[in-house]
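Visitor: Predicted model, plus sequence, below.
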Amino acid sequence: MELLILYLGLAFVGYLVGNKWMPRGKKVPWVTRIQMIAVVILIFTMGARIGADKTIAASLGSIGWNSLILTLFTMTGSVLAVFLLRNLLGRDKRGMKKN
Amino acid sequence: MTRIILFSVAAGMVSGYAFLPGWYIDISEPVMIVGLSVLLFFVGVELGIEGSAVTMLKKAGFKVLLYPVAIIIGTLTFAALSAIFLPVTAREAMAVGSGFGWYTLAPVMLMDYSSEISAMSFMHNVMREFLGLLLIPLVARFVGHIETVSLPGVAAMDIFLPIVEKATSKDILVYSFVTGLVMAVAVPVLVAFFAGI
């Protein structure tokens, strides 16, 4: 819980910093670069933890199939939810108001 | 970007499996906390520089905001249902499903919960984005235009905008951006909630 507050708080402070003190609407390459470095370190560490766990490393194939099943379920659920809401709000297939 | 991520995870797995010293695994928790802090701070900075997030949300109106809410409910309900067929609990399936395609954040947050769930989260989120890419034109044609924005999840707010526009129309872009943004905010909250961290 404390970590979640830390992460969301930092994202919010980051938003304010970006919004008030940085040039609006311009690409700032070093911001993207720092994100990239953080992501590479995080993903490498995550991979290392998975690799170091020999039982997990051995069952990556079945974890992959399970992930695929879960992915197909969640994507079906998402499309279905939007389909129901869109019809409830009276929008046609193209997202326009029905006459 | 995707290539670098896949290379990083593969390099991490091989070194973790073969030669990485135990102390690196021991310090992985603080590494993760610092890394996530830096990442989320700069995700915020990037959104702030872009500056359109708040204006877009205000302009979009209440009804547009209902779509990401529906997508989150649909995703979590079906994630829980999938647990019937999988060797995980409904709660774990919902923790994995809460990644909404953000494969650089959700699996790292789940690393301390369990390596297996973390691995599943990484694969699920990569698949969600990849299948989203493949399915957007089909869903646009056979189901509906707004439905397309539900497929990739968080990436609907940035890298998928041109893909959604090409398969649908300019009118759908506001749905895509707002959906991705709301889901992005929901990822850390929901992942932490379902994993109990």
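Guide: Noted; the coordinates are in hand.

Visitor: Return the backbone torsion pair for residue B:61.
Guide: phi 90, psi 160 (degrees, to the nearest 10).

Visitor: Tell me how far it lies from residue B:174.
Guide: 9 Å (CB to CB, to the nearest Å). Every residue, glycine included, has its C-beta placed from N, CA and C.

Visitor: cool, residue B:141 as well?
Guide: 21 Å.

Visitor: Same question for residue B:46.
Guide: 20 Å.

Visitor: more neighbours, the two?
Guide: Using other CB atoms under 10 Å in any protein chain shown as the criterion, residue B:46 and residue B:174 rank with residue B:46 on top: 21 against 17.

Visitor: Does chain A have contacts with the strand or helix carrying that one?
Guide: Assigned by DSSP states H and E, residue B:46 belongs to helix B:28-50. Yes. With CB under 8 Å from any CB of the partner chain as the measure, helix B:28-50 is seen reaching chain A through B:28, B:31-33, B:35-50.

Visitor: Quick check on those residues: which are buried?
Guide: B:28, B:31-32, B:35-50 (16 or more other CB atoms under 10 Å in any protein chain shown).

Visitor: which regions of chain A lie under the pLDDT threshold?
Guide: A:99 (pLDDT under 70).

Visitor: one more time with 80, if that's ok
Guide: In the predicted model, chain A carries pLDDT under 80 at residues A:1, A:24-27, A:98-99.

Visitor: ranges for the helices of it?
Guide: A:2-21, A:29-52, A:54-58, A:60-88 (DSSP state H).

Visitor: Residue B:117 contacts residue B:93, correct?
Guide: No. Contact criterion CB atoms under 8 Å: residue B:117 and residue B:93 do not qualify, at 9.3 Å.

Visitor: where exactly do the helices run in chain B?
Guide: Counting by DSSP H, the helices of chain B are B:2-18, B:22-26, B:28-50, B:52-60, B:62-82, B:90-97, B:106-109, B:115-142, B:145-148, B:161-167, B:173-195.

Visitor: which residues touch the fourth one?
Guide: With CB atoms under 8 Å, 6 or more residues apart in numbering or on different chains as the test, helix B:52-60 has contacts from A:15, B:47, B:65, B:174, B:177, B:178, B:181.

Visitor: so which two of these are the farthest from each other?
Guide: A:15 and B:174 (19.8 Å; CB to CB).

Visitor: confidence score at residue B:111?
Guide: pLDDT for residue B:111: 90.

Visitor: Name the nearest residue to the residue positioned nearest the centre of chain A, sequence neighbours excluded.
Guide: Taking CA atoms, centre = their mean, the centroid of chain A lies closest to residue A:39, which sits 12.6 Å from it. Closest residue in space to residue A:39, ignoring its immediate chain neighbours: residue B:104 at 4.7 Å, by CB to CB, 6 or more residues apart in numbering or on different chains.

Visitor: Next, the contact list for that neighbour, please.
Guide: By CB under 8 Å, 6+ apart, the neighbours of residue B:104 are A:39, A:42, A:43, B:5, B:39.

Visitor: which one of those residues sits closest to residue A:73?
Guide: residue B:5 (23.8 Å).

Visitor: and that closest one, how many neighbours?
Guide: Neighbour tally, residue B:5, other CB under 10 Å: 19.

Visitor: The lowest-mean-pLDDT helix or strand in chain B vs helix B:28-50, what angle?
Guide: Lowest on mean pLDDT, DSSP states H and E among the helices and strands of chain B sits helix B:52-60, with a mean of 78. Helix B:52-60 and helix B:28-50 are oriented at 60 degrees to each other (axes from the mean of the first three to the mean of the last three CA atoms, to 10 degrees).
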